[in-house]
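>>> quick one: sequence and predicted model below, then my questions.
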Amino acid sequence: MTNSPLIRDISDDDVEQVSALWRAAGVARPWNDPETDIAFARRDPHSTVLVAVLDGTIVATVMVGEDGHRGWVYYVAADPEHQGKGLGRTIMAAAERWLAERGVWKLNLLVRGDNTKVKRFYEHLGYTDTQSTCFQKVLTPL
């Protein structure tokens, strides 16, 4: 990128803009409320949402967290008007730094099986397909 964005933690004032970016970039899903997910990521120091700000506008995001053993990323998104300019690489590097600063040495992420474009992106960044199967169970909050 010619202009390097400022990378920082999300603030309260950013939530609406980040939610709109997630929807525009196609990473938000109807069954996940972005505002709820942001609040959940910000509730303790084990996770956050990092934003990349360029000329006062949030142009990329990543939700990053750790469980004491592995790091995870979600909501990796670049503003569609700025895609192809290295923002994905920049925000992923920021997530990796965030984890490394906490002593986390392994990062996992999920990619939908049919999303070949995103798979190629992560392979280009040095990630490998572990050929693992992800299971999920939706729990009812107590």
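That came through, no problem. This one's a predicted model, so the numbers in the text were calculated from it and none came from an experiment.
>>> now the longest helix anywhere in the chain: buried residues?
In the chain, assigned by DSSP state H, the helix with the most residues is helix 87-100. For helix 87-100, the neighbour count (16 or more other C-beta atoms under 10 Å) marks 87-88, 90-92, 94-96, 98-99 as buried. In this view, the C-beta of every residue, glycine as well, is placed from N, C-alpha and C.
>>> kindly report the same for stretch 33-47.
34, 37-38, 41-42, 47.
>>> stretch 121-133 now?
Within stretch 121-133, the residues scored as buried using 16+ other C-beta under 10 Å are 121-122.
>>> what about that stretch, distance to the chain center?
15 Å (C-alpha atoms, centre = their mean, to the nearest Å).
>>> all further residue positions should be reported with the first residue as 642.
With 642 as the first residue, the last one maps to stretch 762-774.
>>> which residues sit against it?
729-730, 733, 750, 752, 760 (C-beta atoms under 8 Å, 6 or more residues apart in numbering).
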